Each structure stands twice: as structure tokens, then as C-alpha cells.
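Asks: turn this into a structure:
(one chain, ligands or ions: 3)
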Amino acid sequence: MRGGLVASARLLPRPLVRWFLQRRAQQDINENMLGGKKVKIIFVLGGPGSGKGTQCSNIVEHFDFIHLSAGELLRAEINSGSENGTMIDTIITEGKIVPSEITIKLLQEAIIKGGNDKYIIDGFPRNEENRVVFESVTLVTYFQLLEISISPEFVLFFDCSEEEMERRLLGRNQGRSDDNIETIRKRLKVFVESSLPVIEYYESKGMVKKIDATKPAPEVFEDIIFLLK
Ligand SMILES: Nc1ncnc2c1ncn2[C@@H]1O[C@H](COP(=O)(O)OP(=O)(O)OP(=O)(O)O)[C@@H](O)[C@H]1O
Ligand SMILES: O=c1ccn([C@@H]2O[C@H](COP(=O)(O)O)[C@@H](O)[C@H]2O)c(=O)[nH]1
Ligand SMILES: [Mg+2]
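Replies: Ligands and ions are numbered 1, 2, ... in the order given. Purely as a prediction, here's the structure:
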């Protein structure tokens with residue numbers, strides 16, 4: 001059926017096909033849609049070790065979201081042997097923030113590849129520049145003809161004390177190059193200086209749902225269920 005439609009579309013004049021797709025794109029842009037579907041994005045933000053990854057795994061088991069972890073995408077980029085790999089590796093080990101264009105490109109590719117209409121993006125945006133660039137760029141889709149800009153529905157903020165985050169990271173034991181006391185201290189500083197302003201920005205827009213992330217994981221998840229329902 002789909003093959004038939006594509007074959008018929010090939011018989012139509014190209015300007016007409018282009019006009020149709022662009023009109024559909026404009027409707028999508030106006031309504032924050034991707035491929036005719038409303039795209040729902042939730043940012044999950046919080047300090048290093050606040051439990052974002054743990055709870056995102058719980059969320060995707062119970063709700064129809066695709067989980068995208070910016071940190072995981074960057075680690076996959078390192079492991080893929082990409083030309084940016086060494087630079088990303090150094091930045092992560094120093095607890096700094098990778099340039100926006102690299103992280104956003106990986107997120108865009110993952111969103112288009114995911115083909116879903118609901119995403120939870122964990123650990124991004126990490127600073128104001130990340131946020132501004134992400135909200136101003138567009139997703140190129142529909143055979144590269146359409147451009148769609150996307151913005152989050154709301155932000156889940158995992159509020160956790162520094163002592164608890166440090167304790168958790170030192171016990172994580174997953175072989176991450178940044179789970180050592182020097183990098184952890186740098187990451188906590190970067191979180192306060194660069195990432196908290198992003199949360200404050202969304203707070204000023206009434207878009208933040210705060211979670212007490214110091215509680216045991218099952219209790220944190222109960223609170224999340226309440227907020228997502
Ligand atoms: N509520 C909790 N109570 C105790 N330990 C937890 C809790 N949530 C997660 N943990 C543990 O803390 C560690 C860090 O959790 P997780 O990896 O989910 O944090 P994160 O916010 O994704 O951190 P990062 O920003 O470094 O990726 C893991 O070992 C996890 O099992
Ligand atoms: O948007 C992002 C996300 C992550 N980073 C770098 O990766 C590490 C680990 O990220 P996690 O989300 O905690 O797994 C983070 O400390 C940054 O160095 C980034 O630069 N930008
Ligand atoms: Mg994580």
C-alpha cells in the first residue's frame with residue numbers, strides 16, 4: 001500500500017509534492033508536531049547522581065516514552081570511534097560541558113530515529129547555551145524538506161543534597177571515567193554554576209515539577225507516577 005502511494009507520488013509534478021509536504025510541515029511547526037503527531041518532550045534535570053537515569057528507566061517501563069540520555073549518547077559517540085570521541089572523553093573526564101552543536105546533533109538524530117511522539121531527555125540542557133540553541137534549532141525530516149522546532153512540555157527537577165549525590169556516585173561502580181572524587185566535585189560545581197540557571201529559567205516560566213530525589217528510589221518513582229498521570 002505504502003509502496004503504491006510512493007510510486008503514485010513519483011508521478012506527480014515535483015513542485016506539487018514539495019508544496020504539499022511544506023504545507024504539512026508548516027502545520028506541524030505551528031502545533032509542535034513531528035510527522036503529524038504532537039511531540040511531547042520532558043526534560044529530566046538534576047545534579048550528578050540525583051537518580052535521573054534510574055528513574056528514566058522506570059518511567060519507560062510504565063509509560064510510552066523513549067528515554068534519551070544526553071550523557072549516554074555522548075559515551076556511545078566516544079565508543080563508536082568518532083573523530084570527536086577523544087575530545088568528548090576529555091571533557092567528560094574533566095566534568096565540563098560538551099559543545100552544544102555536538103550534543104544537539106546527537107539528540108536530533110536520536111529523536112528522528114526514535115520515530116516516537118514522546119521523549120524524556122535526561123541530563124540536557126546542561127547550561128543556558130544548550131537550552132537556547134536546542135530551542136532555536138529545528139529537526140530536519142520528511143526527506144529533508146521539512147523543518148520542525150521543538151520545545152519541552154515541562155521539566156522534572158530531581159532535587160537532592162550534594163552529600164547524597166556524592167555518596168551515590170562513589171558507590172555507582174559502573175566503570176564510568178567521571179565516577180571519581182575529583183571529577184565528582186568538578187561536576188557538582190558545574191551543576192551549580194551552569195545547570196541550575198537552566199532550571200531557574202524554566203521555574204520562572206512555571207514549567208518545573210520538583211521531585212524530592214533524596215528519598216529511596218521506589219518512593220521517588222511513586223512521586224513521579226503521580227506527576228506524570
Ligand atoms: N533514590 C535513590 N536512593 C539511593 N540510591 C539511588 C537512588 N537513585 C539512584 N540511586 C543510585 O545512585 C547512583 C546514581 O544514580 P543514576 O545513575 O540514576 O544518577 P544520574 O542522575 O543519572 O547521574 P549522572 O548525572 O551521573 O548520570 C546509582 O548507583 C543508582 O543505583
Ligand atoms: O548535555 C550534556 C550531557 C552530558 N554531558 C557530559 O557528560 C557527562 C555525563 O553526563 P550524564 O548525563 O550525567 O550521564 C557530564 O558530566 C558532561 O561532561 C554534556 O557535556 N552535555
Ligand atoms: Mg545518568
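Asks: which of the helices or strands spans the residue of the chain found nearest ligand 3?
Replies: The nearest approach of the chain to ligand 3 comes at residue 53, 3.3 Å away (CB to the ion). In this view, the C-beta of every residue, glycine as well, is placed from N, C-alpha and C. Assessed by DSSP states H and E, residue 53 sits inside helix 52-62.
Asks: in its sheet, what does the helix or strand just after that helix sit against?
Replies: Downstream of helix 52-62, the next assigned helix or strand under DSSP H and E is strand 66-69. If you go by DSSP bridges, strand 66-69 pairs up with strand 118-122 (parallel).
Asks: if we can go back for a sec, so is the helix holding residue 53 next to ligand 1?
Replies: Yes: under the criterion of CB under 6 Å from any ligand atom, helix 52-62 makes contact with ligand 1 via 52-54.
Asks: could those residues be laid out in JSON lines, adding neighbour count, distance to ligand 2 and pLDDT?
Replies: Below are these laid out as JSON lines (neighbours: other CB atoms under 10 Å; distance: CB to the nearest ligand atom, whole Å; pLDDT from 0 to 100):
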{"residue": "52", "neighbour count": "24", "distance to ligand 2": "7", "pLDDT": "98"}
{"residue": "53", "neighbour count": "17", "distance to ligand 2": "7", "pLDDT": "98"}
{"residue": "54", "neighbour count": "15", "distance to ligand 2": "12", "pLDDT": "98"}
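Asks: residues near residue 168, how many?
Replies: Counted with other CB atoms under 10 Å, the neighbours of residue 168 add up to 18.
Asks: isn't it up against residue 52?
Replies: No: counting by CB atoms under 8 Å, residue 168 does not reach residue 52; the two are 11.3 Å apart.
Asks: picking that back up, other SSEs contacting the helix holding residue 53?
Replies: Contact here means 3 or more CB pairs under 8 Å, 6 or more residues apart in numbering; DSSP states H and E; on that basis helix 52-62 packs against strand 40-46, strand 66-69, strand 118-122, helix 217-228.
Asks: out of those, which is closest to residue 211?
Replies: Closest of the helices and strands packed on helix 52-62 to residue 211 is helix 217-228, at 5.5 Å (criterion: CB to CB).
Asks: identify each buried residue in that closest one, please.
Replies: Going by neighbour count (16 or more other CB atoms under 10 Å), the buried part of helix 217-228 is 220-221, 223-224.
Asks: keep only those of those residues that are also close to ligand 3.
Replies: Counting by CB under 5 Å from the ion, nothing from these sits close to ligand 3.
Asks: which ones among these come in contact with ligand 1?
Replies: Among the buried residues of helix 217-228, ligand 1 is touched by residue 220 when using CB under 6 Å from any ligand atom.
Asks: can you map out the strands along the protein?
Replies: When secondary structure is read from DSSP state E, the chain shows strands at 33-34, 37-38, 40-46, 66-69, 118-122, 138-141, 146-149, 154-159, 208-212.
Asks: between these, which has the poorest average model confidence?
Replies: Comparing mean pLDDT across the strands of the chain, the weakest is strand 146-149, with a mean of 49.
Asks: who touches the residue nearest in space to the middle of the chain in this structure?
Replies: Geometric centre of the chain, nearest residue: residue 121, 2.6 Å, by CA atoms, centre = their mean. Shown in contact with residue 121 (CB atoms under 8 Å, 6 or more residues apart in numbering): 41-44, 68-70, 107, 152.
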